[in-house]
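Trainee: structure, please.
(4 chains)
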2 protein chains.
Amino acid sequence: MKSLTLEAIGKLAGVSRSTVSRVLNDHPEVRPEVRTRVEAVIEKTGYLPNQAARALASKRTGLLGLVMPTKAIELFGDPYYSALVAGIQEGCADTGSIFSIFPFYGPEGQAVLMPTLVARGFLDGVIVTAGPHSDHLIATLQERGKNVVVVGQPAGLDGLRRVDVDHRAGSVAATTHLCSLGRRRVGFVGPTSRYLFGVARLNGYRDAIVAAGRDPDDRAIRLDEPNVEGGYRATLAVLSAHPDALYVATDPMAEGALRALRESGLRVPDDVAVVGFDGLPNSRPTNPRLTTVVQPVVGVGRSAVHLLQEDRTGPDVVILPTELRIGDSCGARDTTEETALFA
Amino acid sequence: MKSLTLEAIGKLAGVSRSTVSRVLNDHPEVRPEVRTRVEAVIEKTGYLPNQAARALASKRTGLLGLVMPTKAIELFGDPYYSALVAGIQEGCADTGSIFSIFPFYGPEGQAVLMPTLVARGFLDGVIVTAGPHSDHLIATLQERGKNVVVVGQPAGLDGLRRVDVDHRAGSVAATTHLCSLGRRRVGFVGPTSRYLFGVARLNGYRDAIVAAGRDPDDRAIRLDEPNVEGGYRATLAVLSAHPDALYVATDPMAEGALRALRESGLRVPDDVAVVGFDGLPNSRPTNPRLTTVVQPVVGVGRSAVHLLQEDRTGPDVVILPTELRIGDSCGARDTTEETALFA
DNA sequence: ACACGGCCTGGGAGCGCTCCCAGCGAAGAG
DNA sequence: CTCTTCGCTGGGAGCGCTCCCAGGCCGTGT
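Mentor: Okay, the predicted model is just below:
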């Protein structure tokens, strides 16, 4: 199939290149009658403009990239990443851009990818998820003046545009909720300080404990890997402080916590109330149903796209609010009947 | 950061635009001394060529795309897709191209994606995985004369370049192996005929049964969904034919089969020998260790890339061989000691 | 010393688009 | 009826590259 050009379409429709271009780009100053005729020719010939030429002339491609290490590709099984991708997708639909994922493979892969794609002309903007693997990438993109938005909180980099959820406020809400239910010894189980969001969540917990007039007690705080096993281990450890409530800062950890409590012969929420953090769609149901701080991951993806599009005028940092979703694990709801079902 | 051009670099290095271009593209006819000087300037200025201009002038982008529906993105958790992506990645490294994943969302998403990206100029080639969702996409790409390679076997489309594994030969190997171990009644459990690879595997089984001089018996054949549950159900059903061996045409189904056999009080391999198909890296270990037909998924991804690069001269269809990996579920190996460990 | 080739190099001519400006005709104003 | 205004259209001038051809320089052969 030989490739058509604007010029050729113009000739077929009896107009000039420019007019066809105007039709294609929805410029208003074309007579409706002419527009219709041109559109008919485009339709008939199946003409599609050459993206490279368009990009060269307009300096825009309409292409956004999510750059992530190959290893992370496997994370699509993770509800967080699928939700994020869905959100980015929505954002792109809003703004009419197209979105593509660039997997790269180790440092060399990054070295290949960066110059060819990211640095000049192919991408209008790049979304990068924060994490140890991406710090260097982010720094490079930033110093090259690229249009970048970071999802999450990167370590030690300032002045870049980013989207995140309000980990601290969410934690305050969770902790305050437990305190207001009359729990006296509210413990914390969360990720190690390698994870910056974990630090933010811990800080929120501490703030809320102090604000509630309780004594902060470091023995009631245990950190471990943010997965089911980590939650299990940390919970077993924290039991020595005899908490009557636990704020577990990620849902997978909370799943481990519930198991640890069950195996220790403690009832949830009767003996120990539990609140988690994440509330991702498609995550596994727990027994009892977990009360958790829901973070709007889809919204994060969407906001990242919008932030990328703005002409650097809007705010540089978007922090999305979380929402406490009441389940059956905190005791705020009368669950007599439901628990009977599970017995 | 204002953008540098070839011309600017040329001026800085005291040469012309053309010479800089030659250096960039590794053309041989540049004096080493000049080359070094130009490279120094490029290095110092951090110059990177504009991809759009390059694409416009050369009609190549070095960009390959894997197009898949959003829903399928979640499949990256699936060992098949991660292996495939890893293979594509390797292939791209071999050929110096860059690889990107384009998720699209439903038919409208496809409608947006296709014209803007796939149809003209942005992608040198496209890899599509076969499946019900992609038939229309493949047809469109094909009729537009796009450089497409299909992974797997698309329904009812001919004349396109594709990569697949030899499902039939693999099945013959599996079935023959069971027959040669002296098993008399070799049953088949596999996916429903909606799955073309399942049909091919069934055919291979039938061929091998006939070739071994056995009576094909349709009661010893059960089809179900290609997952653990499907394998479990189909196996329970097939037991009425009293098989002493089972060729289960996907590993997840084989996992279900092993469970069904165990729950029916049958020992593997003593009472019923089992052979599976897939042998993907990172798949869950079974007890006993499954004998299975290993399909080279990484090789498939890699071949797809190579096929895409070739100037339509090589073969249009690449069929990769499989390999039978002996485990403990078929009885070919003396497993007395190992089984003791599991007891 | 002169012609001839080979190696490098420079610059012209696009690639197919967008952007901008000039110019056309029709409509409204004086 | 003429002058201005405005809507719409055509074409020039690039965007930053690659490709190709012409030509400069040098070494070799005679």
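Trainee: where does the prediction get shaky in chain A?
Mentor: Residue ranges of chain A with pLDDT under 70: A:1-2, A:69-77, A:105-120, A:132, A:157, A:311-314, A:334-343.
Trainee: try it again with 50
Mentor: By pLDDT under 50, the low-scoring segments of chain A are A:335, A:337-343.
Trainee: and it, which of its residues are near DNA strand C?
Mentor: A:3-7, A:17-18, A:21, A:24-25, A:49-50, A:53-54, A:56-58 (C-beta under 7 Å from any atom of the strand). (Glycine included, C-beta is placed from N, CA and C.)
Trainee: filter the residues you listed down to the ones close to chain B.
Mentor: A:S3, A:P49, A:N50, A:A53, A:L56 (C-beta under 8 Å from any C-beta of the partner chain).
Trainee: ok, and the most crowded of the residues you listed?
Mentor: Taking other C-beta atoms under 10 Å in any protein chain shown as the neighbour criterion, A:P49 ranks highest of those with 21 neighbours.
Trainee: would you agree it is in contact with A:A8?
Mentor: No. Contact criterion C-beta atoms under 8 Å: A:P49 and A:A8 do not qualify, at 11.8 Å.
Trainee: quick check: A:R302 is in a strand.
Mentor: No. Assessed by DSSP: H, G, I helix; E, B strand; the rest coil, A:R302 does not belong to a strand; its assignment is helix.
Trainee: and chain A, which residues reach DNA strand D?
Mentor: A:10, A:14-19, A:22, A:28-31, A:34, A:53, A:56-57.
Trainee: and those, which are buried?
Mentor: With neighbours counted by 16 or more other C-beta atoms under 10 Å in any protein chain shown, those contain buried members at A:G10, A:V15, A:T19, A:R22, A:V30, A:V34, A:A53, A:L56.
Trainee: wait, which of these is closest to A:L266?
Mentor: The shortest approach to A:L266 among those belongs to A:L56, at 66.0 Å (C-beta to C-beta).
Trainee: what sits closest to that closest one if chain neighbours are left out?
Mentor: Setting aside the residues directly before and after it, A:L56 is nearest to B:A52 in space (C-beta to C-beta, 6 or more residues apart in numbering or on different chains), at 4.2 Å.
Trainee: phi first, then psi, for A:I127.
Mentor: Note on A:I127: its backbone torsions stand at phi -110, psi 130 [degrees, to the nearest 10].
Trainee: show me the contacts for it.
Mentor: Under the criterion of C-beta atoms under 8 Å, 6 or more residues apart in numbering or on different chains, the contact list for A:I127 reads A:L64, A:G65, A:L66, A:V67, A:I88, A:V148, A:V149, A:V150, A:V151, A:A304, A:V305, A:L308.
Trainee: what about the third one, distance to DNA strand D?
Mentor: Computed as C-beta to the nearest atom of the strand, to the nearest Å, the A:L66 to DNA strand D distance reads 25 Å.
Trainee: residues in contact with A:L6?
Mentor: A:R17, A:V20, A:S21, A:L24, A:P49.
Trainee: cutoff 7 Å now
Mentor: By C-beta atoms under 7 Å, 6 or more residues apart in numbering or on different chains, the contact list for A:L6 reads A:R17, A:V20, A:S21.
Trainee: how about A:V126?
Mentor: For A:V126, the contact set (C-beta under 7 Å, 6+ apart) comprises A:G65, A:V67, A:V118, A:L141, A:K146, A:N147, A:V148.
Trainee: list the contacts of the residue of the stretch 151-300 of chain A found nearest DNA strand D.
Mentor: The stretch 151-300 of chain A approaches DNA strand D most closely through A:R161 (24.4 Å), counting by C-beta to the nearest atom of the strand. By C-beta under 7 Å, 6+ apart, A:R161 lies in contact with A:V148, A:V149, A:L307, A:D316, A:V317.
Trainee: which of the contacts of A:L6 fall in strands?
Mentor: Among the contacts of A:L6, the subset assigned to strands under DSSP state E is empty.
Trainee: which one of those residues is nearest DNA strand D?
Mentor: In terms of C-beta to the nearest atom of the strand, no member of the contacts of A:L6 lies closer to DNA strand D than A:R17, at 5.7 Å.
Trainee: from B:R144, how far out is the residue nearest to A:L56?
Mentor: Applying C-beta to C-beta, to the nearest Å, the value for B:A52 to B:R144 is 21 Å.
Trainee: ok, the buried ones among the residues of chain A next to DNA strand D vs DNA strand C, which is closest?
Mentor: DNA strand C has its nearest neighbour among these in A:A53, at 3.4 Å by C-beta to the nearest atom of the strand.
Trainee: contact partners of the helix or strand that closest one falls within?
Mentor: Secondary structure assignment for A:A53, by DSSP states H and E: helix A:51-58. Helix A:51-58 is contacted by residues A:T61, A:G121, B:A52, B:A53, B:A55, B:L56, B:T116, B:R120, B:G121, B:F122 when judged by C-beta under 7 Å, 6+ apart.
Trainee: past that helix, which element shows up next along the chain?
Mentor: Helix A:51-58 is succeeded, C-terminally, by strand A:63-69 (DSSP H and E).
Trainee: work out the gap between that next one and the centre of the chain.
Mentor: 13 Å (C-alpha atoms, centre = their mean, to the nearest Å).
Trainee: among the residues of chain A next to DNA strand D, name the ones in helices.
Mentor: A:G10, A:R17, A:S18, A:T19, A:R22, A:V34, A:A53, A:L56, A:A57 (DSSP state H).
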